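Enquirer: Sharing a sequence plus its predicted fold:
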Amino acid sequence: MQFHPEVAHTPRGREMLANFVLKICRCKAAWTMDSYIERSVEEIRREVGTERVILGLSGGVDSSVAAALIHRAIGKQLTCILVDNGLMRSNEVESVKAIFGRGLGLKLNVVDASERFLKKLHNISDPERKRKIIGTEFVRVFEEATQSVGAAKYLAQGTLYPDIIESVAIDGNPAALIKSHHNVGGLPKRMKFKLLEPLKQLFKDEVRAVGEALGLPKEMVWRQPFPGPGLAVRCLGPITGEKLRILRDADAVVVDEMKQSGWYYKVWQSFAVLLPVRSVGVMGDERTYDFTIALRVVDSQDAMTADWTRLPHELMAKISSRVINEVEGVNRVVLDISSKPPATIEWE
Ligand code: XMP
């Protein structure tokens with residue numbers, strides 16, 4: 001094939017694939033999320049036996065669904081660990097604790113590793129180095145956390161199929177490597193755990209279907225994706241506590257306005273990016289020389305391709321004026337109007 005029938009933008013692409021697979025090859029459409037759950041539960045039980053599993057829970061859709069699926073298979077043998085890496089959004093740790101602590105009855109340990117991550121990231125601006133450092137540090141924190149959990153043989157992750165395709169050089173072609181997702185290409189070469197990745201054959205829409213079939217709450221299943229390396233890949237250039245504070249505050253405004261206007265669940269992702277660019281502005285009678293926030297809002301089916309969302313001007317105006325007025329250190333908001341490809345969704 002000299003084109004991509006599988007991407008959302010190809011007219012009648014799904015139909016072409018369906019004709020080929022179902023009519024020409026005569027395959028049966030037996031792939032349902034219920035059968036996927038049943039099969040996965042069996043496979044997980046068989047693979048894990050009586051061993052313990054730890055899972056890094058970020059509160060995102062992928063790790064949450066992976067946790068619920070593995071919990072269904074092996075119950076108390078699973079311990080979830082939430083690493084506060086200092087790169088999470090406003091109130092994130094609290095809300096994850098609230099959802100998982102009461103709702104699902106999972107064992108959840110919260111580890112505050114924020115200082116450690118920020119120290120390692122000090123003065124690092126290269127995106128791939130940031131990702132590698134974060135991936136490595138994650139695993140180290142888990143390795144240490146097992147000491148309090150009791151020896152765990154498996155590390156479970158909510159890795160999806162697109163994470164794998166984009167992190168692996170296809171057929172040895174290094175040009176096909178797009179970026180190292182922290183949980184695939186970002187992992188250290190040697191580690192103590194065996195990986196358990198029950199979602200690695202799925203795309204995001206399928207993961208959400210699994211989440212719903214497992215009875216997870218809507219607010220969790222339909223949360224927008226958030227990258228494993230967190231705000232680090234949205235804070236361009238070297239990361240500092242002050243820049244993270246600005247980004248966190250700006251992001252909270254974006255999420256709040258998107259939710260209030262009803263747009264949050266209509267788009268694939270909507271977030272703020274802090275650019276390492278200062279520009280001159282005027283606030284009251286004073287000159288300012290502050291940072292720039294880029295507003296990134298995209299529509300997508302599976303994150304493989306994406307287009308920028310045509311938000312109403314009034315909504316963008318409100319987000320911009322609230323960010324500039326409420327977030328100290330920002331005097332300019334710009335809009336990212338690039339599609340993927342050739343851009344990517346995240347800026348790093
Ligand atoms: P890009 O920026 O590659 O992102 O267009 C595609 C989707 O993946 C998310 N993303 C990540 N998710 N670990 C993750 O779990 C990562 O390292 C990572 N990097 C990007 C991104 O938010 C988007 O939804």
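Expert: Everything's here; your move. Numbers count the residues shown, from 1 in each chain.

Enquirer: how's the chain carved up into domains?
Expert: Domains of the chain are assigned by automatic domain parsing as 1-30, 31-221, 234-335.

Enquirer: Could you pull out the helices in the stretch 151-300 of the chain for me?
Expert: Listed in chain order, the helices of the stretch 151-300 of the chain (DSSP state H, counting those that start in this stretch) span 161-167, 204-213, 218-221, 241-260.

Enquirer: Out of those helices, flag the one nearest the ligand.
Expert: Within the helices of the stretch 151-300 of the chain, the stretch nearest the ligand is helix 161-167; the backing value is 6.0 Å (C-beta to the nearest ligand atom). Using the backbone N, CA and C atoms, a C-beta is placed for each residue, glycine as well.

Enquirer: Just the mean pLDDT for the closest one, thanks.
Expert: Confidence over helix 161-167, taken as the mean pLDDT, stands at 76.

Enquirer: Equivalent analysis for stretch 332-345, please.
Expert: In this model, stretch 332-345 has an average pLDDT of 98.

Enquirer: For the stretch 201-348 of the chain, what lies in contact range of the ligand?
Expert: 225, 227-229, 269, 303, 340, 344-346 (C-beta under 6 Å from any ligand atom).

Enquirer: pLDDT below threshold where in this structure?
Expert: Across the chain, the stretches falling below the confidence threshold (pLDDT under 70) are 102, 166-191.

Enquirer: excluding its backbone neighbours, what's nearest Leu118?
Expert: Computed as C-beta to C-beta, 6 or more residues apart in numbering, the closest residue to Leu118 that is not its neighbour in sequence is Gly86, at 5.1 Å.

Enquirer: On the three-state scheme, that neighbour is what?
Expert: Judged by DSSP: H, G, I helix; E, B strand; the rest coil, the three-state class of Gly86 is coil.

Enquirer: just the strands in the stretch 101-250 of the chain please.
Expert: Using DSSP state E, counting those that start in this stretch, the strands of the stretch 101-250 of the chain run over 107-112, 154-156, 194-196.

Enquirer: residues contacting the spatially closest residue to Gly101 that is not a sequence neighbour?
Expert: Distance criterion C-beta to C-beta, 6+ apart; nearest residue to Gly101, sequence neighbours excluded, is Leu108 at 6.2 Å. With C-beta atoms under 8 Å, 6 or more residues apart in numbering as the criterion, the residues that contact Leu108 are 57, 79-82, 97, 100-101.

Enquirer: on that earlier part again, any idea how far the residue nearest to Leu118 lies from the ligand?
Expert: 16 Å (C-beta to the nearest ligand atom, to the nearest Å).

Enquirer: Phi and psi next, for that residue.
Expert: Main-chain dihedrals, Gly86, degrees, to the nearest 10: phi 80, psi 0.

Enquirer: Quick check: it touching Phe117?
Expert: Yes - using C-beta atoms under 8 Å as the test, Gly86 is close enough to Phe117 to be in contact (5.2 Å).

Enquirer: Compare these two and say which one has the larger neighbour count.
Expert: Set Gly86 next to Phe117 and count neighbours by other C-beta atoms under 10 Å: Phe117 wins out with 23 against 20.

Enquirer: Might you report the residue contacts of the residue lying closest to the more buried one once chain neighbours are set aside?
Expert: Setting aside the residues directly before and after it, Phe117 is nearest to Asn85 in space (C-beta to C-beta, 6+ apart), at 4.4 Å. If you count contacts by C-beta under 8 Å, 6+ apart, Asn85 has them with 113-114, 117, 134, 137-138, 230.

Enquirer: same check, this time on Arg89
Expert: Residues counted as contacts of Arg89 (C-beta under 8 Å, 6+ apart) are 226, 230-231, 248, 251-252, 255.
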